[in-house]
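K.L.:
Here you go, sequence then predicted model.
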Amino acid sequence: MAVIKQSSVDQVKAAADMVEIVAARTPLRKVGARWTGRCPFHEERTPSFSVEAAEKLFYCHGCHKGGDLISFVRETEGLDFVGAIEWLADRYRIPLEYEETSPQVEAGRKRRERLLALLEQAAIFYGRHLWETPAGEPVRAYLAERGLAEEVCRTFRLGLSPGGTVLAQKARAKGYTQDELVGAGLVNRRGNDYFARRLVFPLADARGRVLGFGARRLLDDDPIPAKYVNSPEGELFRKGAIVYGLDRARPAVTKEDRAVVVEGYTDVLALHQAGLGGTVASMGTALTEPQLKELRRLTRHLYLCFDADAAGEAATLRGMELAVRAGFDVRVVPLPPGVDPAEAADGFEERIGEAVGYLLHRVRLELERAPSRQEAFGRVREVLAGLEDSPERSDAVRYAADRLDLPPDTAAGLAPRTLARTGSVSPKLLDAGERLERRLLAACATSPELAERYLRPLDDRHFDDPLHRRLRAHLVGAGEPDADLIAARAELVVTADVEHLGEDTARELFLRLEERLVRRELADLSGDDLARTVELQGVLAKIHDALEKVETELR
């Protein structure tokens, strides 16, 4: 990754107007030397959010979130430090200088910049062809028939490809080469528009930079039979890494602390038009790790809404499982068979209220699909086996037992525990935070080296469970174990083996416990202690960067 020169960072910070940046997210009014308004990070009726214009600091007395200009952009835009600086530089037209790198790296950076600029020009070209030419008239009528107003279509920058070589000719007139047109995925091998005569949807990253396009078939004589085609996988475009609409949905996702995830482009447009601004699409039915990483910057609560058939497809279920394992609270919004979210946009908030947890959704599917009662029992047991006790798990067991009409002793067999719980370990480990502690202890339980590296730097403040505090001390060689510790350590060893916990996991969990401690200190700070708030926000940013590096290495 390119390193921005500190002089450029300082120039960006000096040029950026903190009040202007914040006011784009929430209305502000001046009160003395400060600006106040409703917090953009949580719902509130009485303004508790304040901005120090001169110092370029912010703080909310309601949710205790605070920091400086850069941390505000990082939080609201879902960016890392470099991304936040580049975002501000784009907004205030500040040219950035980068530290000297190899000629190859510098050439790659400049090529990427040119391809991004070319794709942006293509999006503008397609948009004008849709809205400003006679050729776009039937397509505009088609969109209206689908119930999509011009405003939302323009917001999402829909366009129309004229086909032929018109786009390529205009691009070459502006100095772009055939190689760059191919690299951007805009032309085929013969030099013709890749999306000839199709309705075009720009596909952008979280910062709104166009990386490629999706295109819908409009004409019966289209030589490509597929209803939708995307840009070819290439230098910029990776279908599995893009969350469609995230650049538009970020403010609502952050404020509501949830993302509504649907399948397609028009589903996103229809739900945004209906007032659900936190709606995005997964570019298909299956969520991927890169997509979840983008969403995790903004929320841990996902409401998935796919049509009835897609919601049960194996790929979709794998994506749901991936999200659950990544720590998301996943809920499934039910739809009647044959109905997609775009058709159910009116009253959609009520459907969200009827959403069920992933586990209950999965159990329902297995019960509906099983050819026999015995087969259903086995399928449900496989889904539930080994999962820790939780309210959702208990609900799923009760639901399955009721549907299968099982007596109590047989119902208990639906959800066997993988590990034997002993002593005082079981009750406290049910909480997600306690599970975080337990998994780190488990990862270090059989390795003195890992214990020394990841447990010794911690202290009692990092562990809520008293038994976990004692376990940590025991694993770093302090104190003699008693019966409870011996039993608990045995469970940890089994956990490490079953969950395949090793150094990579230990490093991530160590950082997450550090993150939790810093967040708690931030929450306990007085709202007037802005200096300490900014300091801790800086520590938090470094932890987040380290976590991103760990996640990148694990992919």
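P.N.:
Looks like it arrived, so ask away. Numbering: from 1, shown residues only.
K.L.:
Walking through this protein, point out its strands one by one.
P.N.:
Assigned by DSSP state E, the chain shows strands spanning 29-31, 34-37, 49-52, 57-60, 66-68, 159-160, 199-204, 210-216, 228-230, 259-262, 279-281, 301-304, 329-332, 356-357.
K.L.:
between these, which gets nearest to Tyr244?
P.N.:
The closest of these to Tyr244 is strand 279-281. By Cβ to Cβ, the value is 4.0 Å. Placement of C-beta: from N, CA and C, glycine included.
K.L.:
can you map out the helices along the stretch 401-550 of the chain?
P.N.:
Ranges of helices within the stretch 401-550 of the chain are 408-411, 425-428, 432-444, 448-454, 466-475, 483-498, 503-524, 530-554, based on DSSP state H, counting those that start in this stretch.
K.L.:
roughly how far apart are the residue of the chain most remote from its centre and Thr299?
P.N.:
No residue in the chain sits farther from the centre than Glu480, which is 44.0 Å out by Cα atoms, centre = their mean. Distance of Glu480 to Thr299, given as Cβ to Cβ, to the nearest Å: 45 Å.
K.L.:
Check Leu440 too.
P.N.:
Relative to Thr299, and taking Cβ to Cβ, Leu440 is found at 24 Å.
K.L.:
neighbour count winner among these two?
P.N.:
Neighbours were counted for Leu440 and for Thr299 using other Cβ atoms under 10 Å; Leu440 has more, 29 against 18.
K.L.:
So that one sits against Leu511, correct?
P.N.:
No - at 10.0 Å, Leu440 and Leu511 do not qualify as touching, with contact defined as Cβ atoms under 8 Å.
K.L.:
Figure out which of the strands of the chain is closest to Pro341.
P.N.:
strand 259-262 (4.6 Å).
K.L.:
Touching the closest one from outside, list them.
P.N.:
Strand 259-262 has contacts (Cβ atoms under 8 Å, 6 or more residues apart in numbering) with 249, 253, 268, 271, 276, 278-282, 287, 295, 298-299, 301-306, 333, 341, 352.
K.L.:
and with 7 Å instead?
P.N.:
For strand 259-262, the surrounding residues in contact (Cβ atoms under 7 Å, 6 or more residues apart in numbering) are 249, 253, 268, 271, 276, 278-282, 295, 298-299, 302-306, 341, 352.
K.L.:
and what of stretch 184-194?
P.N.:
115, 118-119, 122, 161, 163-165, 167-168, 178, 181, 212, 231-232, 234, 237.
K.L.:
report the longest helix in the protein, please.
P.N.:
In the chain, with assignment by DSSP state H, the single longest helix is helix 103-132.
K.L.:
Which elements pack onto it?
P.N.:
strand 159-160, helix 166-173, helix 178-183, strand 210-216 (3 or more Cβ pairs under 7 Å, 6 or more residues apart in numbering; DSSP states H and E).
K.L.:
could you point out where the stretch 101-250 of the chain is predicted with low confidence?
P.N.:
Within the stretch 101-250 of the chain, the ranges that satisfy pLDDT under 70 run 101.
K.L.:
Need the pLDDT of the residue farthest from the centre of the chain.
P.N.:
Glu480 carries a pLDDT value of 71.
K.L.:
where's it relative to Ala473, distance?
P.N.:
Between Glu480 and Ala473 the computed distance is 10 Å (Cβ to Cβ).
K.L.:
before we move on, what about Phe195?
P.N.:
63 Å.
K.L.:
Pro223: neighbour count?
P.N.:
7.
K.L.:
Go through the helices of the stretch 401-550 of the chain and find the least confident stretch.
P.N.:
helix 425-428 (a mean of 33).
K.L.:
just to revisit the earlier point, tell me which of the helices of the stretch 401-550 of the chain lies nearest to Ala54.
P.N.:
Minimum separation from Ala54 across the helices of the stretch 401-550 of the chain (Cβ to Cβ) falls at helix 530-554, 11.7 Å.
K.L.:
Quick check: which helices or strands does that closest one pack against?
P.N.:
strand 57-60, strand 66-68, helix 69-77, helix 503-524.
K.L.:
will you turn the ones you listed into CSV that also has mean neighbour count and distance to Pro95?
P.N.:
Compiled in CSV, the helices and strands packed on helix 530-554 are given as follows (neighbours: other Cβ atoms under 10 Å; distance: least, Cβ to Cβ, whole Å):
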stretch, mean neighbour count, distance to Pro95
strand 57-60, 24, 27
strand 66-68, 23, 23
helix 69-77, 22, 18
helix 503-524, 17, 34
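K.L.:
So which of these is nearest Glu375?
P.N.:
Per Cβ to Cβ, nearest to Glu375 of the helices and strands packed on helix 530-554: helix 503-524, 35.0 Å.
K.L.:
What about the nearest residue to Gly163 once chain neighbours are set aside, how many residues nearby?
P.N.:
Nearest non-adjacent residue to Gly163, counting by Cβ to Cβ, 6 or more residues apart in numbering: Ala196, 3.4 Å away. Neighbours of Ala196 under the rule other Cβ under 10 Å: 17.
K.L.:
Ala196 touches Ser161, doesn't it?
P.N.:
Yes - using Cβ atoms under 7 Å, Ala196 is in contact with Ser161, at 5.8 Å.
K.L.:
give the contact list for Ala541.
P.N.:
Contacts of Ala541 by Cβ under 7 Å, 6+ apart are Ser71, Arg74, Phe81.
K.L.:
From these, pick the one nearest Val9.
P.N.:
Val9 lies nearest to Phe81 out of these, by Cβ to Cβ, at 8.9 Å.
K.L.:
what's the neighbour count on the closest one?
P.N.:
Applying other Cβ under 10 Å, I find that Phe81 has 18 neighbouring residues.
K.L.:
Please report the distance of it from Leu28.
P.N.:
Between Phe81 and Leu28 the computed distance is 25 Å (Cβ to Cβ).
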